[in-house]
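Chemist: the following block contains a protein sequence and its predicted model.
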Amino acid sequence: MNTILITGGSRGIGASTAIECARRGMGVILTYHRNPEAAQTVVQRIAQAGGKAVALPLDVGDADSFDDFRSAVQTSLHATWGQRTLAGLVNNAGYGLFNPLESVTPAQFDGLMNVHLKGPFFLTQALLPLLQTGAGIVNLTSATTRVATPGVAPYAAFKGGLEVLTRYMAKEFGERRIRANAVSPGAIRTELGGGLPPDFEALLAGQTALGRVGEPEDVARVIASLLGEDGGWVNGQSIEVAGGYMV
Ligand SMILES: NC(=O)c1ccc[n+]([C@@H]2O[C@H](COP(=O)([O-])OP(=O)(O)OC[C@H]3O[C@@H](n4cnc5c(N)ncnc54)[C@H](OP(=O)(O)O)[C@@H]3O)[C@@H](O)[C@H]2O)c1
């Protein structure tokens, strides 16, 4: 069984991706930060459907913890699947913060940078020895990198950095046949940033060619395809999954 690791798998897009990947026959290590119960619910849902998943704690904003985290991953891989390597890594964990550029504080800036750029960079570096030949990496970016959206400047800038980093991962890891792609969601109905207020959701739906905001499953299916055989020749790309947002 191919086993993949998804950060921020307790809720939203990460939880849906964990469930979708398990449905396609992958073993899943998902991480949580503040919601261990939600992570266990995802693990149970996967088990009830006949799959296998494990939940581990991780703060993606704390790069100093990544060596210990790699040891925990190795232990789980061996104990649960009798394996030593991962077939995929999804850098998904994140949070939203609305604040106009003129009032963003250095602490808010650093917090977003640590989770959305530094975290994926050094977590990928830490887990690289565990990624098998031919593994897939998917980095979650955002359509706010393409469409300037007032109130999310640092978030969007770091997601833009992650998009660039994705191409460098593809280039530098290609020798090991490890692929790296970015998935860039539009507005998705999750709890990110406190969720979408109804009037804002209606506005975003009106700006989307398919006439609605996205569901986590819309994104999860694309991530799962990129990790699996279907995505085997897709590399170094950024794929917007947004139903035609502001096209
Ligand atoms: N929803 C959207 O409209 C949208 C649009 C574009 C891009 N995205 C991106 O898609 C990804 C998933 O977002 P989502 O909408 O699914 O968010 P969500 O529903 O709020 O879930 C966020 C997940 O990330 C975890 N997390 C948050 N901070 C963390 C940290 N410091 N360390 C480790 N884990 C942390 C949470 O864990 P706990 O619950 O355990 O704390 C949770 O599992 C994010 O990178 C986000 O930026 C989302």
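Modeler: Okay, I see it. Numbers count the residues shown, from 1 in each chain.
Chemist: from the centroid of this protein, which residue is nearest?
Modeler: residue 92 (1.6 Å; Cα atoms, centre = their mean).
Chemist: which helix or strand lies directly C-terminal to the longest strand along the chain?
Modeler: Counting by DSSP state E, the longest strand found in the chain is strand 131-140. Moving toward the C-terminus from strand 131-140, the next helix or strand (DSSP states H and E) is helix 153-173.
Chemist: most distant residue from the middle of this protein?
Modeler: In the chain, by Cα atoms, centre = their mean, residue 102 is the one farthest from centre (28.5 Å).
Chemist: that one in helix, strand or coil?
Modeler: Using DSSP: H, G, I helix; E, B strand; the rest coil as the criterion, the local structure at residue 102 reads helix.
Chemist: which parts of the longest strand of the chain are buried?
Modeler: Within strand 131-140, the residues that count as buried by 16 or more other Cβ atoms under 10 Å are 131-132, 135-140. All C-beta spots, glycine's among them, are computed from the backbone N, C-alpha and C.
Chemist: and the two most separated of the residues you listed?
Modeler: Maximum pairwise distance among those (Cβ to Cβ): 21.6 Å, between 132 and 140.
Chemist: whether the longest strand of the chain contacts the ligand - can you check?
Modeler: Yes. Against the ligand, strand 131-140 shows contacts by Cβ under 6 Å from any ligand atom at residue 140.
Chemist: sheet partners, orientation included, of that strand?
Modeler: With DSSP bridges as the test, strand 131-140 is paired with strand 86-91 (parallel), strand 179-185 (parallel).
Chemist: any idea of the angle that strand forms with helix 153-173?
Modeler: 160 degrees (axes from the mean of the first three to the mean of the last three Cα atoms, to 10 degrees).
Chemist: what about the residue nearest to residue 72 when sequence neighbours are not counted, distance to the ligand?
Modeler: Distances taken as Cβ to Cβ, 6 or more residues apart in numbering put residue 56 closest to residue 72, at 5.4 Å, once the chain neighbours are dropped. Applying Cβ to the nearest ligand atom, to the nearest Å, the value for residue 56 to the ligand is 11 Å.
Chemist: go on, residue 196?
Modeler: Counting by Cβ to the nearest ligand atom, the gap from residue 196 to the ligand is 7 Å.
Chemist: likewise for residue 65?
Modeler: 10 Å.
Chemist: tell me the buried residues in the helix or strand bottoming out on mean pLDDT in the chain?
Modeler: Sorting the helices and strands of the chain by mean pLDDT, DSSP states H and E puts helix 198-206 at the bottom, at a mean of 95. Going by neighbour count (16+ other Cβ under 10 Å), the buried part of helix 198-206 is 204-205.
Chemist: next secondary structure after that helix?
Modeler: Moving toward the C-terminus from helix 198-206, the next helix or strand (DSSP H and E) is helix 216-227.
Chemist: packing partners for the helix or strand following that next one?
Modeler: Of the helices and strands lying after helix 216-227 in sequence (DSSP H and E), the nearest is strand 238-241. Secondary-structure packing of strand 238-241 (3 or more Cβ pairs under 8 Å, 6 or more residues apart in numbering; DSSP states H and E): strand 179-185, helix 216-227.
Chemist: quick one: contacts for residue 47?
Modeler: Contact analysis of residue 47 by Cβ atoms under 8 Å, 6 or more residues apart in numbering lists residue 53.
Chemist: likewise for the one 4 residues further on?
Modeler: Remark: with contacts taken as Cβ under 8 Å, 6+ apart, residue 51 is in contact with 22-23, 25-28.
Chemist: go again using 7 Å as the cut-off
Modeler: residue 22 (Cβ atoms under 7 Å, 6 or more residues apart in numbering).
Chemist: which bits of this protein sit near the ligand?
Modeler: Counting by Cβ under 6 Å from any ligand atom, the chain sits next to the ligand at 7-8, 10-14, 32-35, 38, 58-61, 92-95, 115, 140, 142, 185, 187-188, 190-192.
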